[in-house]
Each structure stands twice: as C-alpha cells, then as structure tokens.
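1. Sequence and predicted structure are below.
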Amino acid sequence: MESFRSLVALLARRAEEQGDDRAYVFVSDRGTEEAVLTFRQLHHSACMLAARLIAIARPGERAVLVFPPGIEFMVAFFGCLMAGIIAVPMMMPRRNGARDASAAILANCTPAVALTTSAVALRRDLQARFAHENIRWIEVGPSAADAETVALPEPAQDDVALLQYTSGSTSEPKGVMVSHANLLANLEMIRLALGNTSRSTYVNWVPLYHDMGLILNALQALYVGATCVLMAPNAFMQRPLGWLRAISHYRAEVACSPNFGFDLCVGRYRADQMEGVDLSSLKIALNGAEPVRSQTIERFIATFAPHGFDPRAMYPAYGMAEATLLISGGRRGGGHVTRPVSRAALQEHAMEEPSDAGDTQIAVGCGRALTGERIAIVDADKCTRLPAGRVGEIWVNGANIARAYWRNAEATRAGLNAEIAGEGGPWLRTGDLGFVDVTGELFVTGRIKDLLIIRGINHYPQDIERTVQSLDGPLRENCGAAFSVPDESGEETLVIVQEVERTARHTIDTEEIKGRIREAVADNHEISARHIALIRPGALPKTTSGKIQRKLARKLWLEGGFEQLA
C-alpha cells in the first residue's frame, strides 16, 4: 500500500479518490441509521474545526475529546490532527466520578481545549469538573458546505498524534505518546495481518476513546478505505445480538470485541431474535483486549455456526496501547490455535504437557509477531531472553512501539526503552506473561502484577475466577475478581469478590453458594478461599474495555467499599 507521511495526508487522499463513499455510519440500538459521514464530508468538517482550533490553541497543546457515541468524535479527532493539537480521547466522566480516571488524565495532560457535542456541553457537572482547569469548550457538529477553509501545515511523522491513556487494569493511567509514524506503522501491520481491503466493512461497538475502538476499528477502516458502522457501547451491552444483526445487514467482514463480548452474545442468544441473520460475510471475528478463553470460542462457534458463522473467522489477537494497538495475530481464514498445557507447570513458569485431565488447561494462541515486529519472551528479573516453551514476560520491538509516556520519564525508561541482556533495545515491557511455541505462536498466560503467590505457589487470578464462574447458578460471567491480602501473620490469603445476577439477588442462599465456591477452588487449585464477597451487578470495577481492575477491587475490599449481599 502507498505510504503516507501522516493520517492527515491519508484522509485527504480518501476525500479526493473516494469522496462520496461512506466512511462512518452510526446506527441506533434498533439498527436504524442516525448519521452518516462520507470521506469528503469528514475531511471538510475536520478542516473547519482545525481552523477554529488554531485560533485558540497552539500546536502541541492538548485537546480532550469528550463525546457520547456518534460520528462527531471522528471529526474532532481529525480536526486536532490537522491543527497540530494532540488529541486525548477520554471516557465520558460519570456523574458520580469517584472511580473514573478523568481527574488523573486532566491533571497529567493539562489540556487547553475540550471538544464535545452541544448536548454534553450543557451538563453542569461536567462544566464544574472542568472549570478549575481553565479549559476552553468547543462544540463539534456538522460544518456548512460553503465555509471558508484555511491553509494548514501537514504534520511530521514524528509529531504526536494522540495521547492514548492506558486503561489502568493494574496501575494508574499513563498517557502513551502515539506519533503519526506509530499509527501508520501499526495500521499497515493490521492491514497485512487481517487481510483487509476497501470492501472490508466493519461493525464496531467498542468505544472510540478506547484503542481497540479507535485504531483497530475506526482508523483501520479509513486506512483501507472501507466503511465503519458504529454502534453505542450501551446498546451492545443491553442488546448484544444487535451487533450480529448489523454485521448481517451490512455484510461486514470484520468485527472486534473483548472476550466478554462474545460471551455476552452467547448468553443472550434468542433464536427468534436471530431469525434471518446471516453471519457468512464475517471473515475476521477478532477477540482481544483481555484473556481469550477457549470455552468462549467453542460456545460462540456452536451457537452461531447455524447462522452462517465460519469457525475459521475466529481470530484471537493480542495488543496494548503502548504498541499503538496490535502486537500479534493470525492470518485471515486461519482459525484459532489451542493447545492443552499443564496447569502445574504454568505455576512454575514452564510450558509442559498435562499429566492428567485434572492438570489440563487449554491455552489459546494469539497469533504471531506482525510484519516488521519482534516478540521476545524474557526473564523479568534478569532481563535475559528465554527459549521457546518457557513462560516469561512478553517484550516487543517495532516501529509501532511508542517511545514515551507523557510527563513520566521513569515509566518511559523502564517500560518503553528496556534492553535485553547482551542484545540491547529498545523493547516494550508489556507486563504480561506468556510463552512462544516452536512454531512462533504466542500464548498469553497472565499479568505479572496480577499473579497471586500464596504459600510460595503462583496462581493466575483468571483461573480462579473461571472456576468460580463455571459453577451453575447466579454467578455473573466475567464479573469476578480474585486477589490476595495479608492475614494477621502477614501471610497472603485468597479473596474472591463476585457479582450475582440481578434476578437472583434477593433469592439466593449466600452461605450455600460460598460453600460451593470454597469447595471448587480447593478442588481445582488446592488453596483456600478465606474471604468471599458476593456483590450486586455493576459493583466490580472494570476498565473501559471490560478488564477486571483487580488492584482497585483489592483496595475497595480492604476499605470496606463493597456492599455484600446478605
């Protein structure tokens, strides 16, 4: 594909060559089209916004993008790029914002401008929260077709395009400084890995302030000149089958979701709601952003194959904000790779064949290193490279890797510019554990900081959470956290916090369920769950992409912040 100096140049080319093609379509939760932007309209509206921005802000200053679901976000994003303003996508602050990251993000990036819609600008709680930051509000809407344009300098490749704040599943959010060069490098890697073309229509529900929603969906579609159909995340949460109906209606080739989204579709399956839905157009069903579970894949295939879903379309992948987005993936139509491994060996940081059925864990491959990229498995303490089959920290090197965090020199040095002993760098330290098999397939096994070490044995919290949620009954899937706290003697003990289905909150026997949880955890992991808290739906803290925030859950538990069901 032709190389571009920046996304601004890429959009200009799309507006010139595919001006009347639909770039973005926003659909309601009922599937009706509410707004459409062609490539020409997007380019024009972004130019108009850029002219307003350069009148009030200097190149290099930051603008937070605070938008409800819709297509205005894309106008704001490209308006910032054209004006040389660094875009900062941000989750809409909650009205009771005690648990969101907006205050930390504002304090770190000190924005000069906030971009939003007219409806959001009227929210008094938002005005109050942003008031002391001395931020100028600009409302973004459709531009007049005959408005006058101004000459804008094209960004350089090394200019920072956006600050992508990490989702904070294990730490305070950090602003990844993503350059135009990083974006273009990763978008080309994604194109090659997914096999996308201008016919590869996307249907996306993942929020645009999240890197999966913005880069893997919205920007990748624009990169190849395809249409991206956008849905509101809340609409997906309430009616997940609407996502599949939109895929069928628009004959989409690509759809991406964290693992829990595929579980949600299976859990809400209704044959009458899927009548006439044909998923045969789907070539890439990308599963990433959190641990990929083999059971999820198997259940999704079994449920939706009768509706035309091709099992070979299932596409586990791995990525993170520091790598712009995608780190590893398979190939179009290649299907997914699984292998049975020894649970006991994983606890010793090794990959071995299971000794028996009770020792078996099914690991899901997340593909291979992308074109122009290297992946290494490294001993996290010694910083030495490990051979195939050994579990260690996943390190990544490539043109897609950001070189700095915003105003955080220590994290930049340690996390983005690490060196492998005897080899040099710079390498990204992902903080994730995994192994690469002899074929080059990457298997992600957990996070270093989430590892539970109880009586000298390593335990992955995801495994314990999976055991709990596999019990029949009212325990919500993907809505539990396992972590450890010190007891009176200083020894680490296991805590499990688990949400209960809304329909069962007032009818369950909590002591009976706790007994079953303790028995299952003891049988499967040979440890005792000393503390179990059953909580209402929605009470467990999660990141914007649905990852469990175990560190925050631990803090809340220690502070008595969870209201337990009696």
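-> That came through fine. Residues are numbered from 1 along each chain as shown.
2. Okay, now the unreliable bits of the chain?
-> 94-100, 121-122, 127, 129, 131-133, 142-149, 167-171, 456, 489-490 (pLDDT under 70).
3. Domain ranges for it, per the record?
-> The chain breaks down by automatic domain parsing into domains covering 7-238, 337-448, 454-558.
4. and the first one, how far from the chain's centre?
-> Translated: domain 7-238. Centroid displacement of domain 7-238 relative to its chain, using CA atoms, centre = their mean, to the nearest Å, is 16 Å.
5. just stretch 364-374 next, same as before
-> 17 Å.
6. Quick check: end-to-end length of that stretch?
-> Stretch 364-374 has its terminal residues 20 Å apart, counting by CA to CA, to the nearest Å.
7. what do you get for stretch 375-390?
-> Across its full length, stretch 375-390 reaches 14 Å end to end, with CA to CA as the criterion.
8. before we move on, the earlier item: so which of the domains of the chain is nearest residue 330?
-> Proximity to residue 330, assessed across the domains of the chain by CB to CB, is greatest for domain 337-448 (4.2 Å). No exception for glycine: its C-beta is placed from N, CA and C like everyone else's.
9. contacting residues for the closest residue in space to residue 383 that isn't next to it in sequence?
-> Spatial nearest neighbour of residue 383, excluding adjacent residues (CB to CB, 6 or more residues apart in numbering): residue 421 at 4.9 Å. For residue 421, the contacting residues are 382-385, by CB atoms under 8 Å, 6 or more residues apart in numbering.
10. 7 Å instead, please
-> 382-384 (CB atoms under 7 Å, 6 or more residues apart in numbering).
11. Repeat that for residue 197.
-> Applying CB under 7 Å, 6+ apart as the definition, the contact partners of residue 197 turn out to be residue 224.
12. Can you list the helices and strands that the host helix or strand of residue 458 packs against?
-> With elements delineated by DSSP states H and E, residue 458 resides in strand 457-459, which encompasses its position. Strand 457-459 sits against helix 343-347, with contacts defined as 3 or more CB pairs under 7 Å, 6 or more residues apart in numbering; DSSP states H and E.
13. For the domains of the chain, state which one has the densest average packing.
-> Stretch with highest mean neighbour count among these: domain 7-238 (a mean of 20; mean count of other CB atoms under 10 Å).
14. Span of that domain from start to end?
-> For domain 7-238, the first-to-last residue distance is 34 Å (CA to CA).
15. same thing with stretch 451-464?
-> The straight-line separation of the ends of stretch 451-464 (CA to CA) is 11 Å.
16. what does stretch 542-553 give?
-> End-to-end distance of stretch 542-553: 9 Å, with CA to CA as the criterion.
17. what's in contact with that stretch?
-> Taking contacts as CB under 7 Å, 6+ apart, the residues outside stretch 542-553 that touch it are 91, 167-170, 207, 209-210, 212, 258, 260, 289-290, 450, 461, 481, 483, 497, 540-541.
18. Distance to residue 281 for the domains of the chain - can I get that in CSV?
-> Rendered in CSV, the data for these read as follows (distance: least, CB to CB, whole Å):
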stretch, distance to residue 281
domain 7-238, 8
domain 337-448, 22
domain 454-558, 25
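19. for these, which one sits closest to residue 266?
-> domain 454-558 (9.4 Å).
20. Following element in sequence after the strand holding residue 458, please.
-> Scanning forward in sequence from strand 457-459, with DSSP H and E defining helices and strands, the next element found is helix 461-469.
21. which residues are contacting that next one?
-> Around helix 461-469, the neighbours that count as contacts under CB under 7 Å, 6+ apart are 291, 446, 450, 452, 475, 477, 480-483, 496, 498, 517, 520-521, 524-525, 550.
22. How far away from the center of its chain is that helix?
-> Relative to the centre of its chain, helix 461-469 is centred 21 Å away, using CA atoms, centre = their mean.
23. now whichever helix or strand comes after it against helix 461-469, angle please.
-> With elements assigned by DSSP H and E, the helix or strand that comes after helix 461-469 is strand 475-486. Inter-element angle recorded for strand 475-486 and helix 461-469: 130 degrees (by axes from the mean of the first three to the mean of the last three CA atoms, to 10 degrees).
24. Having no further points to raise, I will conclude here.
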